[in-house]
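S.K.: From the sequence below, what's the structure:
(2 chains)
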Number of protein chains: 2
Amino acid sequence: MSGPMSGRLAVVGLGPGDARQLTPEAAEVLAAADALYGYGPYLARVPPRAGQVRHASDNREEGARAAAALRHAAAGASAALVSGGDPGVFAMAAAVCGAIDMGPAEWRSIELVIVPGITAMLAVAARIGAPLGHDFCALSLSDNLKPWELIERRLDAAAAAGFVLALYNPVSRARPWQLAAAFDRLRRQLPAQTPVVFGRAVSRPDESIAVTTLGAADPALADMATLVIVGSSETRVIPRPGLAPLVYTPRAASGASA
Amino acid sequence: MSGPMSGRLAVVGLGPGDARQLTPEAAEVLAAADALYGYGPYLARVPPRAGQVRHASDNREEGARAAAALRHAAAGASAALVSGGDPGVFAMAAAVCGAIDMGPAEWRSIELVIVPGITAMLAVAARIGAPLGHDFCALSLSDNLKPWELIERRLDAAAAAGFVLALYNPVSRARPWQLAAAFDRLRRQLPAQTPVVFGRAVSRPDESIAVTTLGAADPALADMATLVIVGSSETRVIPRPGLAPLVYTPRAASGASA
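M.R.: Residues are numbered from 1 along each chain as shown, chains lettered A, B, ... in the order given. Alright, predicted model coming up:
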């Protein structure tokens, strides 16, 4: 049953970083909230507003952060939880839903609003051409929440079936070897000349993009701010005189890609 | 070689429809263009500006539309080509890259800017919870540009490996049977109770969302404006008293999902 105190929780996607890629909807919802919750560097992107309380937390405290925001909303507040990129892609929306699923019954009466944002793979793809122009998979390389063997099975299945791969969370301090292992795994199935894109901090001042091949891809090019795209056998690179190359996957597939 | 007349082409994502989900970057780029190209109903979403020429074209003339915009840019104009959702996901960015790849050499000197947008799967997912909260694939069911057998192979591979599926272009007047065939194919691998979401025209006035199961999914619920999400065996539905249910895929996977 809905209690009279039930408030509202918005889970808001901030996009990749550039304020011009934050939607007006997200800006409105953030401005209207009584309290903001989130990872400190994401909260720092939101313009301050008098009377609005901020609760910054560490990157790895997702469950606790979701629960704190839900408790506040259940007490009648209008809370907003910020997420980098899109909250629904390897981010806070699933953590909030999981907390509601497992939490006290009254959390199911909270008005939950999820505001989408530009997720990293869309920002990186746009910067380099259209590598996601055909069928693709988004896969997190973090084995904190699933066994590495499952990640390998998914890499194999996606590459064999001709999907382009967008690899989230390719590396962290606690996970230094996973991206190299993923490249090795993919080299069993995909040609060495398959295009690979490293997109780091896209849309932010320290943005960098590198285009290479699966044969030459150096995992050391990736850090926690990097999104890696591995093409299919149909992904192409267009050299351009005096301009960065374009990487794209044609809309038409030959059927020979698998 | 770069000719002195080379202009600029922006390929701009309009998002799912609600103007509050159009990024400020997209609005700026659209306002700055000399000429707009695109499918008529998408162009109709862009506020008119005096002196700006509009070239509306039919939905299926993607190659011709890309070439027309590139010719205009090559002649020195600042052209913008609009795309629903995100231009990089089953939309105009790959068509433009393909035209540059196959077209006259001078098109490689055009300044190409791709502006990302909220693609349909992110908008639908946000409306219903977090069905894309774990690994997922985006797959177009249109067999205009690839053989149906390849689509079946990808459905099999993605479902067997435990990916959630976002199905673009589930149906059109010319492709009436594909979604039913895809559901039948997926029923071989996934439990009947697997959650399925039909998200139609999300963020627009005629929005509708339906949550069902793979066992009960009726392909007739989808039309050209629909994005279909098929969960994995780990996707869950949270009933809520007096509110729509939430559908989410937990961030943690058991490894038993494949």
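
S.K.: Residue A:57 against residue A:42, yeah?
M.R.: No. Taking Cβ atoms under 8 Å as the definition, residue A:57 is not a contact partner of residue A:42, at 10.1 Å. All C-beta spots, glycine's among them, are computed from the backbone N, C-alpha and C.

S.K.: These two: which has the busier surroundings?
M.R.: Shown here are residue A:57 and residue A:42; by other Cβ atoms under 10 Å in any protein chain shown, residue A:42 has more neighbours (22 against 17).

S.K.: check contacts around the more buried one.
M.R.: A:14, A:82-84 (Cβ atoms under 8 Å, 6 or more residues apart in numbering or on different chains).

S.K.: Tally up the residues packed near residue A:132, please.
M.R.: Neighbour number of residue A:132 under other Cβ under 10 Å is 32.

S.K.: now it, what's its secondary structure?
M.R.: Counting by DSSP: H, G, I helix; E, B strand; the rest coil, the backbone at residue A:132 sits in coil.

S.K.: hmm, back to that, chain B: which of the contacts of residue A:42 is nearest?
M.R.: Taking Cβ to the nearest Cβ as the measure, residue A:83 is the one of the contacts of residue A:42 closest to chain B, at 10.5 Å.

S.K.: ok, that closest one - contacts?
M.R.: A:11-14, A:38, A:42, A:91-93, A:117.

S.K.: again, but for residue A:196
M.R.: Shown in contact with residue A:196 (Cβ under 8 Å, 6+ apart): A:183, A:211-214, A:217, A:228-231.

S.K.: Okay, and the beta partners of it?
M.R.: Beta-bridge partners for residue A:196, by DSSP bridges, are residue A:212, residue A:230.

S.K.: That one and residue B:6: what is the separation?
M.R.: 29 Å (Cβ to Cβ, to the nearest Å).

S.K.: again, but for residue A:131
M.R.: In terms of Cβ to Cβ, residue A:131 sits 24 Å off from residue B:6.

S.K.: One more: residue A:50?
M.R.: Going from residue A:50 to residue B:6 by Cβ to Cβ gives 49 Å.

S.K.: if we can go back for a sec, would you list the buried entries among the contacts of residue A:196?
M.R.: Restricting the contacts of residue A:196 to buried positions leaves A:183, A:211, A:213-214, A:217, A:228-231, with burial counted as 16 or more other Cβ atoms under 10 Å in any protein chain shown.

S.K.: Widest-spaced pair of these?
M.R.: A:183 and A:211 (15.0 Å; Cβ to Cβ).

S.K.: For residue A:160, which non-adjacent residue is closest in space?
M.R.: residue A:189 (5.6 Å; Cβ to Cβ, 6 or more residues apart in numbering or on different chains).

S.K.: The one you found - how many residues pack around it?
M.R.: By other Cβ under 10 Å, neighbour count at residue A:189 equals 16.

S.K.: so who does it touch?
M.R.: A:156, A:159-160.

S.K.: Just the closest of the residues you listed to chain B, please.
M.R.: residue A:160 (6.6 Å).

S.K.: Of the contacts of residue A:189, just the buried ones, ChimeraX syntax please.
M.R.: Here is the ChimeraX command that selects only those of the contacts of residue A:189 that count as buried (16+ other Cβ under 10 Å):
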select /A:156,159,160
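
S.K.: Just the ones of the contacts of residue A:189 in helices?
M.R.: A:156, A:159-160 (DSSP state H).

S.K.: Closest to residue B:97 out of those residues?
M.R.: Closest to residue B:97, out of all of the ones in helices among the contacts of residue A:189 and judged by Cβ to Cβ, is residue A:159, at 21.8 Å.

S.K.: Looks like the closest one contacts residue A:182 (just checking).
M.R.: No. If you go by Cβ under 8 Å, residue A:159 and residue A:182 don't touch, sitting 10.2 Å apart.

S.K.: Touching, residue A:58 and residue A:41? I think so.
M.R.: No. With contact defined as Cβ under 8 Å, residue A:58 does not reach residue A:41; the gap is 10.7 Å.

S.K.: Now do the contacts for residue A:66.
M.R.: A:81, A:92, A:95-96, A:98-99.

S.K.: Got phi/psi on it?
M.R.: Dihedral pair for residue A:66: phi -60, psi -40, per degrees, to the nearest 10.

S.K.: Would you check how far apart it and chain B are?
M.R.: 11 Å (Cβ to the nearest Cβ, to the nearest Å).

S.K.: Turn the contacts of residue A:189 into TSV, columns for distance to residue B:207 and pLDDT.
M.R.: Formatted as TSV, the contacts of residue A:189 follow (distance: Cβ to Cβ, whole Å; pLDDT from 0 to 100):
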residue	distance to residue B:207	pLDDT
A:156	38	98
A:159	36	98
A:160	37	98
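
S.K.: For the contacts of residue A:189, give me CSV that also has distance to residue B:139.
M.R.: Putting those into CSV (distance: Cβ to Cβ, whole Å) gives the following:
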residue, distance to residue B:139
A:156, 17
A:159, 15
A:160, 15
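
S.K.: hey, where'd the helices end up in the stretch 1-150 of chain A?
M.R.: Using DSSP state H, counting those that start in this stretch, the helices of the stretch 1-150 of chain A run over A:24-32, A:40-43, A:62-74, A:92-102, A:120-128, A:148-160.
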